[in-house]
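Asker: model the following, please.
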Amino acid sequence: METPEATLFFAVPVAEPVRVLAGRLQEAVRQAQGSARLPALEGVHVTLAFLGRTPTTRVPDLLRLAGAATAGLGPFPLATAGTGGFPAPGRARILWLGFAPQPVLDGLAERLRAALRAGAVPFDGKPFSPHLTLARFRDPVDLGRLALPPQDPVTFQVGAFHLLQSVPGPRGTRYVPLGTLPLP
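Answerer: The predicted structure follows:
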């Protein structure tokens with residue numbers, strides 16, 4: 001019998017004021033670039049490690065490994081810090097909202113990834129780049145031509161992160177929490 005798999009990842013949830021800022025930015029994109037795909041804001045998150053298709057039987061082990069990565073860490077502030085684009089602002093296919101450098105967040109991502117490697121858990125090894133995806137464009141867009149509103153930084157307290165399952169559906173992708181890892 002085959003073991004069921006699910007698309008899994010670890011992520012930091014964002015606070016409501018960040019979603020409000022993201023909504024204002026998405027509305028500006030909608031008005032300037034009507035063909036952009038805009039992800040639902042209730043699920044926005046900062047991905048720490050993307051595991052992809054993973055046997056669901058590994059969930060308890062994944063939570064144990066991630067819990068070990070939180071030892072000695074406590075809650076920390078995280079602040080937004082402007083927008084950018086992948087692969088480059090002048091020819092962006094993705095518009096993102098970035099975050100100010102935060103050594104604790106970077107350390108959490110590295111400790112989590114080290115724990116996953118030690119546990120022989122495959123994950124996407126792209127460099128950690130904390131951001132929220134705000135829009136996806138079919139054709140590359142010069143972000144300098146979008147009339148994005150000015151943004152004051154929004155700061156919130158990170159007190160936990162989640163193991164999430166990505167569940168595609170007719171109304172977009174939902175993210176189902178499979179476990180919460182508090183930062184004591």
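Asker: give me the distance between Leu143 and Leu65.
Answerer: Leu143 sits 37 Å away from Leu65, going by Cβ to Cβ, to the nearest Å. In short, each C-beta sits where N, CA and C put it, glycine included.
Asker: actually Val158, sorry about that
Answerer: Val158 is 19 Å from Leu65, by Cβ to Cβ.
Asker: which residues does Ala118 contact?
Answerer: Leu65 (Cβ atoms under 8 Å, 6 or more residues apart in numbering).
Asker: so what's Arg171 scoring on pLDDT?
Answerer: According to the prediction, Arg171 has pLDDT 78.
Asker: that one: neighbouring residues, count only.
Answerer: Residues lying near Arg171 (other Cβ atoms under 10 Å) number 7.
Asker: now do the helices in this structure.
Answerer: 16-32, 59-69, 103-118 (DSSP state H).
Asker: Leu163 is in contact with Ala6, correct?
Answerer: No. When contacts are counted by Cβ atoms under 8 Å, Ala6 is not listed as touching Leu163 (10.4 Å).
Asker: more neighbours: the two, which one.
Answerer: Leu163 (22 against 18).
Asker: so who does the closest residue to Phe161 other than its chain neighbours touch?
Answerer: Leaving aside its chain neighbours, Phe161 sits nearest to Val12 (4.8 Å; criterion: Cβ to Cβ, 6 or more residues apart in numbering). Contacts for Val12 were tallied using Cβ under 8 Å, 6+ apart; they are 45-46, 48, 78, 105, 158, 161-162.
Asker: list just the nearest of the residues you listed to Arg91.
Answerer: Val46 (24.1 Å; Cβ to Cβ).
Asker: what sits against that closest one?
Answerer: Contacts of Val46 (Cβ under 8 Å, 6+ apart): 11-12, 14, 78, 99, 105, 130-132.
Asker: emit the ChimeraX select command for whichever of the residues you listed are buried.
Answerer: Buried residues among the contacts of Val46 (16 or more other Cβ atoms under 10 Å), as a ChimeraX selection:
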select :11,12,14,78,99,105,130,131,132
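Asker: reformat the contacts of Val46 as a markdown table; add distance to Thr56 and pLDDT.
Answerer: Below are these laid out as a markdown table (distance: Cβ to Cβ, whole Å; pLDDT from 0 to 100):
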| residue | distance to Thr56 | pLDDT |
| --- | --- | --- |
| Ala11 | 18 | 98 |
| Val12 | 22 | 97 |
| Val14 | 26 | 96 |
| Leu78 | 30 | 98 |
| Phe99 | 31 | 98 |
| Leu105 | 28 | 97 |
| Pro130 | 27 | 97 |
| His131 | 28 | 96 |
| Leu132 | 27 | 96 |
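Asker: any idea which of the contacts of Val46 is closest to Gly179?
Answerer: Checking the contacts of Val46 one by one against Gly179 (Cβ to Cβ), the nearest turns out to be Ala11, at 11.7 Å.
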